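Visitor: pasted the sequence and its predicted model underneath.
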Amino acid sequence: MAYVEIIKRNKKEYFYLTKNIRLGLNKWKKVRIYLGDKQPTKEELAKSAKKIEVESHKFIKKSGYAYLSEHDAETLQDLKEGYKEWLKQIPKSVREKLNEDFVIRFTYHTNAIEGNRLTLRQTALILKDKVIPSGVRAEDYNEAINGKECLEYLKSYNGDLNKHFLEKINGILTKNTDVVYGGRVRFFNVQIHGSNHLPPKHEEVKKHLLNLFKWYNTNKNKLHPFELAAITHARIAWIHPFEDGNGRTSRAVMNFILMKKGYPMFFIPFEKRESYYQAIEKADKNNYKSYIAEMLDLIIDQIRSYGHKESKIKT
């Protein structure tokens, strides 16, 4: 998909028709056609779109991704590039406000999926205004505080995925709640209410985690970042390595992987939890192609709604 890119030089705006072309696995090239220093007309865009397609075909290769279509990979790359450029242009104060808003929304949605009773407004009062709404359960309040702390930890962490990292995240997310062994790999069996999936027995958890880390290190530079993040999320959820907070932990890890690769973070909307659970069930059956497509569908409009989006035209 080609899109109009606006580049500012010396306080003046210049318009380009831009298309991201994949040269290889996770290697991309921008093909640009200069449109001038004024907003292009529909006729000019249509004419330039034909030119950029001809130019693009010199570089295009067949999809080498395991699960993503070439179109979806290109869409994600467009969003990544737009997000990066947008961050450079907005003032620090605006970035801080938008980050604050994301923290509130991510915390609300990821906790609500797991049964937290706070509303979005109550979550905002707690995290932004530092107000404790009347009638709020202590556990719900603490989970909100923990969600914010978790995101702050993810941004400050310079390492990679490993057992200590997983335990740290789960420990933060379950702190000051009724979880007895938060941040500790379970040594007892668990069940998932409302799911047909029975997590591995506790004797097998460490073995499955070791396999997960081996798989991750083998594939972290082979799979598309979205594929890597989504499948890692699904595998953690399948193992269910902790007493509680497994869903929140796996969603935090998913965002950590995307953030490391320069992609914007996202949340699974509470309103779409049924579709989310259905997607997870696909992953449990190793149907990763459908799982990846459904996960992308759950969040793509959310990412497109960020302020960095430039106008797009289909080619």
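Guide: Done, it's in.
Visitor: quick one: list the elements packing against the longest helix anywhere in the chain.
Guide: In the chain, with assignment by DSSP state H, the single longest helix is helix 92-113. Other elements packing on helix 92-113 under the criterion 3 or more Cβ pairs under 8 Å, 6 or more residues apart in numbering; DSSP states H and E are helix 120-127, helix 138-156, helix 246-260. For glycine as for every other residue, the C-beta is placed from the backbone atoms N, C-alpha and C.
Visitor: in a markdown table: those helices, plus distance to residue 203.
Guide: Output for these, formatted as a markdown table (distance: least, Cβ to Cβ, whole Å):
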| stretch | distance to residue 203 |
| --- | --- |
| helix 120-127 | 38 |
| helix 138-156 | 29 |
| helix 246-260 | 18 |
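Visitor: which of those helices is buried the deepest?
Guide: Highest mean neighbour count among these (mean count of other Cβ atoms under 10 Å): helix 246-260, with a mean of 23.
Visitor: kindly export the first helix or strand past that helix going along the chain (C-alpha atoms) in PDB.
Guide: Next along the chain after helix 246-260, taking DSSP states H and E as the criterion, comes helix 273-284. C-alpha atoms of helix 273-284 as PDB (Å, rounded to 0.1, in the frame of the first residue of the first chain):
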ATOM      1  CA  ARG A 273     -12.300 -10.700  24.500                       C
ATOM      2  CA  GLU A 274     -14.400 -13.500  23.000                       C
ATOM      3  CA  SER A 275     -12.600 -13.100  19.700                       C
ATOM      4  CA  TYR A 276      -9.300 -13.000  21.500                       C
ATOM      5  CA  TYR A 277     -10.100 -16.300  23.300                       C
ATOM      6  CA  GLN A 278     -11.100 -17.900  20.100                       C
ATOM      7  CA  ALA A 279      -7.800 -16.800  18.500                       C
ATOM      8  CA  ILE A 280      -5.900 -18.300  21.400                       C
ATOM      9  CA  GLU A 281      -7.700 -21.600  20.900                       C
ATOM     10  CA  LYS A 282      -6.400 -21.600  17.300                       C
ATOM     11  CA  ALA A 283      -2.900 -21.200  18.600                       C
ATOM     12  CA  ASP A 284      -3.400 -24.000  21.100                       C
END
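Visitor: average pLDDT for helix 273-284, rounded please.
Guide: Computed over helix 273-284, the mean pLDDT rounds to 95.
Visitor: ok, now how distant is residue 83 from residue 142?
Guide: The gap separating residue 83 from residue 142 is 32 Å, by Cβ to Cβ, to the nearest Å.
Visitor: ok, and what's touching the longest helix of the chain?
Guide: 87, 90, 118-120, 123-124, 127-128, 140, 143-144, 147-148, 151, 247-248, 251-252, 255, 265, 267-270, 273, 276, 307 (Cβ atoms under 8 Å, 6 or more residues apart in numbering).
Visitor: what distance separates stretch 203-213 from the middle of the whole chain?
Guide: 24 Å (Cα atoms, centre = their mean, to the nearest Å).
Visitor: next: stretch 216-227.
Guide: 14 Å.
Visitor: for it, buried residues please.
Guide: 216, 220, 223, 224, 225, 226, 227 (16 or more other Cβ atoms under 10 Å).
Visitor: return the closest of these with respect to residue 70.
Guide: Of all these, residue 70 sits closest to residue 224, with 10.6 Å by Cβ to Cβ.
Visitor: okay, now the domains of this structure?
Guide: The record's domain parsing of the chain by automatic domain parsing lists 2-61, 92-304.
Visitor: and the ones you listed: which comes nearest residue 76?
Guide: Short answer: domain 92-304, nearest of the domains of the chain by Cβ to Cβ, at 5.7 Å.
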